[in-house]
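Visitor: Sequence unavailable; structure follows:
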């Protein structure tokens, strides 16, 4: 993966249409985002993109949704820019041909055994204590009863929704299914893949069925298979922060999901203490984010709820609880309407809100947050809504009833053209181009000493250098660097906020 800013986007929700139109937006000289990114992560573009979980429940993982194009379009885009794609490891759609064959033929199906049953994990039955110990991202039972042809009922694992049927990743058909996806992606020129929901892929009686030692073994084996095809692996895990450090040893890249809430914490509590602690221990092979297609992670900096000893988080629990409330206040309670029991597709560990709204649409604070992200070691990835400093889509939330849709706006081409003219977005685009081109970011990183009310980050390589200084009390930032560019002496004071749009 290039050490340049990457884009993460749905194909249709940014381009307003197809892979071809997205390519024009990103790669054509007159495109509004021309030559801005070192790579693009295409969120699920498989058939079909509008199922129960916005494409993360593919009916056919080996087929591009016809509305977006086909594999030749993916290959054409990959010739212009590095492409990352998802492998949904844990489950398939209940509408998939494999599952439909199993429903129709039962034990006579060649896919019998591919779908994980409760009995496969608990052959002697499960006690209430064992069932309560199972870790789930959403409340309720992890099992869904399914009636096969002939009237036999099976209790199947459905970790996420009843429409997402968990795979037995060790079964012959399960392994073959996942291997076929890797081969198809490699054939289309995809050189990076994100393993979605892989933390739930291994289930074991007597455990919480999440990020087990056997899960790490499976990740290592799957990563080796991908590397043999020339594909780098990014693992997506929302969990206690020490877990990210451990996972990083097994794969090419991990998400720095602790960064978004820590940046919000720093700006809300005027202290860099939690952020400094994390920067001193975090893995360097990280993809840094402030926002993604999911919510803002809370579990990633909190205490370890799965450990009986209650290992502390990166910030005190009381401040983490207060931070959630401050996000709700900053968003005028819009995030509260999209989070937890207020919306379906429940998330127990995330706040659903655009990052821009989480900061009260304060342009200065938003640029401070992005500058910190771009200076933190790793490869920055910017979500399409965040790129355009997008606001909460309350219409889509109310129409769908799905909390995460508050941050999954459908942009039309005209909207993108208008959004990129806003001063805050223009400044962000300039910062991206500067981060991509300044040679110091290929060198050594240093977390400079200072009080808890400041944060100073520095990069240097031979004669090239760049330094970010953030005053967390005044909410001001200053970027200084070698060379002659727009950001060689960039300063923004709290008194010069670009504006708060409501």
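Guide: Here it is on my side, so go on. If you're wondering where the values come from, they're calculated on a predicted model, not measured in any experiment.
Visitor: partners of the closest residue to residue 238 other than its chain neighbours in the sheet?
Guide: Spatially, and ignoring its direct neighbours in sequence, residue 238 is nearest to residue 297 (5.1 Å; Cβ to Cβ, 6 or more residues apart in numbering). (Glycine included, C-beta is placed from N, CA and C.) Going by DSSP bridges, residue 297 is paired in beta bridges with residue 350.
Visitor: By mean pLDDT, flag the weakest helix or strand of this structure.
Guide: strand 489-492 (a mean of 86; mean pLDDT, DSSP states H and E).
Visitor: Okay, helices next: where are they in the stretch 51-200 of the chain?
Guide: 71-80, 97-105, 118-121, 128-133, 172-187 (DSSP state H, counting those that start in this stretch).
Visitor: Now tabulate the ones you listed in CSV and tack on mean pLDDT and mean neighbour count.
Guide: What follows is those, written out as CSV (pLDDT from 0 to 100; neighbours: other Cβ atoms under 10 Å):
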stretch, mean pLDDT, mean neighbour count
helix 71-80, 97, 17
helix 97-105, 95, 17
helix 118-121, 95, 17
helix 128-133, 91, 12
helix 172-187, 97, 17
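Visitor: Quick check: residue 257 touching residue 234?
Guide: No: applying Cβ atoms under 8 Å as the test, residue 257 and residue 234 come out as separate, 11.9 Å apart.
Visitor: More neighbours: which of those two?
Guide: More neighbours surround residue 257 than the other of residue 257 and residue 234, with 28 against 24 (other Cβ atoms under 10 Å).
Visitor: how close does that one sit to residue 282?
Guide: Noted for residue 257: a distance of 11 Å to residue 282, by Cβ to Cβ, to the nearest Å.
Visitor: before we move on, what about residue 224?
Guide: Distance from residue 224 to residue 282, by Cβ to Cβ: 24 Å.
Visitor: Which one's more surrounded, these two?
Guide: When neighbours are counted by other Cβ under 10 Å, residue 282 comes out ahead of the other of residue 224 and residue 282, with 23 against 11.
Visitor: Give me the pLDDT value at the more buried one.
Guide: pLDDT recorded at residue 282 is 96.
Visitor: Same check on the one 5 residues further on?
Guide: At residue 287, the pLDDT value in this model is 97.
Visitor: Residue 28 too?
Guide: At residue 28, the predicted lDDT confidence score is 93.
Visitor: The one 10 residues further on now?
Guide: The pLDDT attached to residue 38 in the predicted structure is 96.
Visitor: so residue 13 is in which element?
Guide: Per DSSP states H and E, residue 13 falls inside helix 11-15.
Visitor: what does that helix contact?
Guide: With Cβ atoms under 8 Å, 6 or more residues apart in numbering as the contact definition, helix 11-15 has outside contacts at 18-19, 21-22, 24-25, 42-43, 45, 49, 67-68, 384, 408-411, 413, 416.
Visitor: in the helix or strand following it, what counts as buried?
Guide: For helix 11-15, the succeeding helix or strand toward the C-terminus, using DSSP H and E, is helix 19-27. Going by neighbour count (16 or more other Cβ atoms under 10 Å), the buried part of helix 19-27 is 19, 21-27.
Visitor: between helix 19-27 and helix 71-80, how big is the angle?
Guide: Orientation note: helix 19-27 sits at an angle of 10 degrees relative to helix 71-80 (axes from the mean of the first three to the mean of the last three Cα atoms, to 10 degrees).
Visitor: let's have the chain start at 229 instead
Guide: I'll keep to 229 as the first residue from here, and by that count the last item is helix 247-255.
Visitor: Now the element after helix 247-255, going C-ward?
Guide: Tracing the chain C-terminally past helix 247-255 and defining elements by DSSP H and E, one meets strand 267-270 next.
Visitor: quick one: strands adjacent to that next one?
Guide: strand 234-237 (parallel), strand 310-316 (parallel).
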